[in-house]
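# okay, predicted coordinates and the sequence, questions at the end:
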Amino acid sequence: QQQVKQSPQSLIVQKGGISIINCAYENTAFDYFPWYQQFPGKGPALLIAIRPDVSEKKEGRFTISFNKSAKQFSLHIMDSQPGDSATYFCAASRAGRRALTFGSGTRLQVQP
Amino acid sequence: NAGVTQTPKFQVLKTGQSMTLQCAQDMNHNSMYWYRQDPGMGLRLIYYSASEGTTDKGEVPNGYNVSRLNKREFSLRLESAAPSQTSVYFCASSEGQYNSPLHFGNGTRLTVT
């Protein structure tokens, strides 16, 4: 049973456009929602994270939007650049559990 | 500062062979993890160690064993490799709180024929 569902599987965006990746979760006990970015041949690295007490968090061109009632959260990349081309993973965890549950990943290609 | 170091980077095994994947971190982190990454499946937790001296099963532990050798090192052993264990394996570490960032190594690409 996949506890965190991520879509789309792949995404192609033109340079300067907005990239949007969505995730939905089932476990209402989750209370920490990070996004990880992975470049080819590298391990994932934390990009941005949110707690459910806020509806939005922005860091530079990256924004997480969070909808607690719908149990959904999304990553928005504004002014997408070719250097943003990578695989993005959403994840979730809860207090008392040390391990993250990851989504299936989205491969983003930003075309010049 | 090396972060999380995994060895080897690549490995090819025949079905039934055994091997140990090594992982070491130099960030003085308490917790360490082993994940496997498969296309369309994301990252799935195999085992983790919340602190030195403890290990716990994750989502997909069958066919694997782990050893937390000391605070720095956490190894993953395949006793009898199977083609279903063909994957990219990632080791990660964190300070140990549930919302602490995971720091990943660059992975070991394992092929079992």
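Cool, the structure landed.

# what does chain B have sitting close to chain A?
B:4, B:31, B:33, B:35, B:40-45, B:48, B:50, B:58-59, B:90, B:92, B:94, B:96, B:98-99, B:101-107 (C-beta under 8 Å from any C-beta of the partner chain). In short, each C-beta sits where N, CA and C put it, glycine included.

# which non-adjacent residue is nearest the residue of chain B found nearest chain A?
Minimum separation of chain B from chain A (C-beta to the nearest C-beta) falls at B:Phe104, amounting to 2.9 Å. Spatially, and ignoring its direct neighbours in sequence, B:Phe104 is nearest to A:Gly43 (2.9 Å; C-beta to C-beta, 6 or more residues apart in numbering or on different chains).

# ok, back up a step: next, count neighbours for the residue of chain B closest to chain A.
Under the neighbour criterion other C-beta atoms under 10 Å in any protein chain shown, B:Phe104 is assigned a count of 24.

# now do the phi/psi pair for it.
Backbone torsions of B:Phe104, given as degrees, to the nearest 10, read phi -100, psi 150.

# please enumerate the strands of chain A.
Under the criterion DSSP state E, strands of chain A are mapped to A:4-7, A:10-14, A:19-25, A:33-38, A:45-50, A:56-59, A:62-67, A:72-77, A:86-92, A:101-102, A:106-111.

# quickly, which of these bottoms out on average pLDDT?
Considering those one by one, the lowest average pLDDT is found for strand A:101-102, at a mean of 92.

# quick one on the thing from earlier: if you compare the strands of chain A, which one is most tucked away?
Mean neighbour counts were taken over these using mean count of other C-beta atoms under 10 Å in any protein chain shown, and the top value, a mean of 26, falls to strand A:101-102.

# so is it next to chain B?
Yes: Strand A:101-102 comes into contact with chain B when judged by C-beta under 8 Å from any C-beta, the residues involved being A:Thr101, A:Phe102.

# still on that earlier bit, buried subset of the residues of chain B next to chain A as a PyMOL selection?
Only the buried members of the residues of chain B next to chain A end up in this PyMOL selection, burial being decided by 16 or more other C-beta atoms under 10 Å in any protein chain shown:
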select buried, chain B and resi 4+31+33+35+42+43+44+45+48+50+58+90+92+94+98+99+101+102+103+104+105+106+107
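
# which residues in chain B form strands?
For chain B, strands defined by DSSP E occupy the ranges B:4-7, B:10-13, B:19-25, B:31-38, B:42-49, B:56-57, B:64-68, B:74-78, B:87-94, B:103-104, B:108-112.

# among those, which is nearest A:Ala99?
Put simply, out of those the one that sits nearest A:Ala99 is strand B:42-49, at 4.9 Å, with distance taken as C-beta to C-beta.

# now for the closest one, which elements pack on it?
Packed against strand B:42-49 by the contact rule (3 or more C-beta pairs under 8 Å, 6 or more residues apart in numbering or on different chains; DSSP states H and E) you find strand A:101-102, strand B:31-38, strand B:56-57, strand B:64-68, strand B:74-78.

# identify the residues contacting residue 48.
In the absence of a named chain, this looks at chain A. Contacts for A:Ile48 (C-beta atoms under 8 Å, 6 or more residues apart in numbering or on different chains) come out as A:Pro34, A:Trp35, A:Lys57, A:Glu59, A:Phe62, A:Ile64, A:Leu75.

# please refer instead to chain B.
Going by C-beta under 8 Å, 6+ apart, B:Tyr48 touches A:Arg98, A:Ala99, B:Ser31, B:Met32, B:Tyr33, B:Trp34, B:Thr55, B:Asp56, B:Gly58.
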